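Student: below is the sequence, then the predicted model.
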Amino acid sequence: MGYTLTILGCGVMGQAILSAIYKAEKPTDVAVAELYPSKIIACNGDEPAAEQVAQMIKGYGESPNGIVVESAFGNNREAVSESKVVILGTKPFLVETVLDEVKDVVSGKLLISIAAGWTIDQLANYTPPVSRVMTNTPAKYGYGCAVIAHSAQVTADQKKTVSQLISHVGTCVELPEKNMDAATSLVGSGPAYVLLMIESMMESGIKMGIPLRESLTCSLKVLEGTCKMVEESGTHPSVLKHQVCTPGGTTIAGLCKMEENGVKSGIIKGVEEGAIVAAKLGKRK
Ligand SMILES: NC(=O)c1ccc[n+]([C@@H]2O[C@H](COP(=O)([O-])OP(=O)(O)OC[C@H]3O[C@@H](n4cnc5c(N)ncnc54)[C@H](OP(=O)(O)O)[C@@H]3O)[C@@H](O)[C@H]2O)c1
């Protein structure tokens, strides 16, 4: 029972996905349980990375799903040969080298790619069933977001497998592939943009005399609480924003000063710039 899943390139993102799947609770529904691998092979380029993954898994203890992890390096062909599903987690510039190496053994298998910029058409040269996933680092804690696009050759059962495995990174959103470069910036790079916001808010507190720890706590809770308020109220962010703007008050004064400094257009242009660079990634040799 069960199948083998290979993660080709198990670095920051590969480990986030590996951790999320490894630590997933055992499903009570047998049909859902069958969507999980019984073995995951984490492949890296060098020994230190392989050792790091092995230590990480050791630290987790046993998988609730009984998943066994083998961490290795220099074994891409053997790993892919034994697998039914392959997650591609190398940097975009290594994708061609890594896929060329396993070309004959990956053919016909489900390929789930998290590599930015590599299109379904490009990846389908190696195997027809391709699912492109763009996720982010909060996946490691189960609070990630994943945008998924499938090739026409991905079967309904394979889609279920992708959804189930990727669901552990957090919230999944299915979109047409044309939105993937935008998703790469908004979702993939998004945590860095939000961290900049957290850092700025925290430093504003420090500048005005609030100690670092308290300033960080306040900044984090403001962000977390605001996200929950938008989600739970279902109200448009602009409406909620105007609800806290007392005429002549502090909030509108702060917002106008931010606008003077181009905060909103800076964020929009920054996210767009990320998408422009993402679109070029798969074309780099
Ligand atoms: N980091 C993010 O926030 C983020 C967000 C969204 C999407 N992504 C996408 O996720 C992908 C991976 O990014 P990452 O940040 O996780 O990169 P990373 O940490 O550098 O991980 C890539 C892994 O690939 C391994 N590798 C290199 N050559 C290999 C080979 N020939 N065979 C097998 N494995 C090999 C590396 O192992 P060695 O160190 O041993 O060489 C490394 O552990 C990228 O395509 C990126 O576009 C990343």
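Tutor: Yes, it's here.
Student: and the gap between the residue of the chain found nearest the ligand and Asn44?
Tutor: Nearest to the ligand in the chain, going by CB to the nearest ligand atom, is Gly11, at a distance of 1.8 Å. From N, CA and C alone the C-beta is placed, and that goes for glycine too. Using CB to CB, to the nearest Å, Gly11 is found at 7 Å from Asn44.
Student: can you give me the domain boundaries for the chain?
Tutor: The record's domain split for the chain, according to automatic domain parsing, is 4-177, 190-280.
Student: show the pLDDT at the residue of the chain closest to the ligand.
Tutor: We have a pLDDT of 96 for Gly11.
Student: hmm, it is touching Ala49, no?
Tutor: Yes - in terms of CB atoms under 8 Å, Gly11 counts as a neighbour of Ala49; the distance is 6.7 Å.
Student: tell me the contacts of Arg77?
Tutor: Arg77 makes contact with Glu101, Val102, Val105 under the criterion CB atoms under 8 Å, 6 or more residues apart in numbering.
Student: any residue of stretch 139-158 touching the ligand?
Tutor: No - judged by CB under 6 Å from any ligand atom, stretch 139-158 makes no contact with the ligand; its nearest approach is 8.6 Å.
Student: contacts for that stretch?
Tutor: By CB under 8 Å, 6+ apart, stretch 139-158 touches 13, 15-17, 19-20, 110, 120, 123-124, 128-138, 159, 162-163, 166, 168-177, 179-180, 183, 187, 190.
Student: report the buried members of those residues.
Tutor: 13, 15-17, 19-20, 110, 120, 123, 128-138, 159, 162-163, 166, 168-170, 172, 177, 180, 183, 187, 190 (16 or more other CB atoms under 10 Å).
Student: which of those fall in strands?
Tutor: Leu110, Val130, Ser131, Arg132, Val133, Met134, Gly170, Cys172 (DSSP state E).
Student: among those, show me the least confident.
Tutor: At the low end of pLDDT for those is Gly170, which has 92.
Student: so which of the contacts of Arg77 is the most crowded?
Tutor: Tallying neighbours with other CB atoms under 10 Å puts Val102 at the head of the contacts of Arg77, with 25 neighbours.
Student: am I right that that residue is in contact with Leu8?
Tutor: Yes - between Val102 and Leu8 there is a contact under CB under 8 Å: 7.4 Å.
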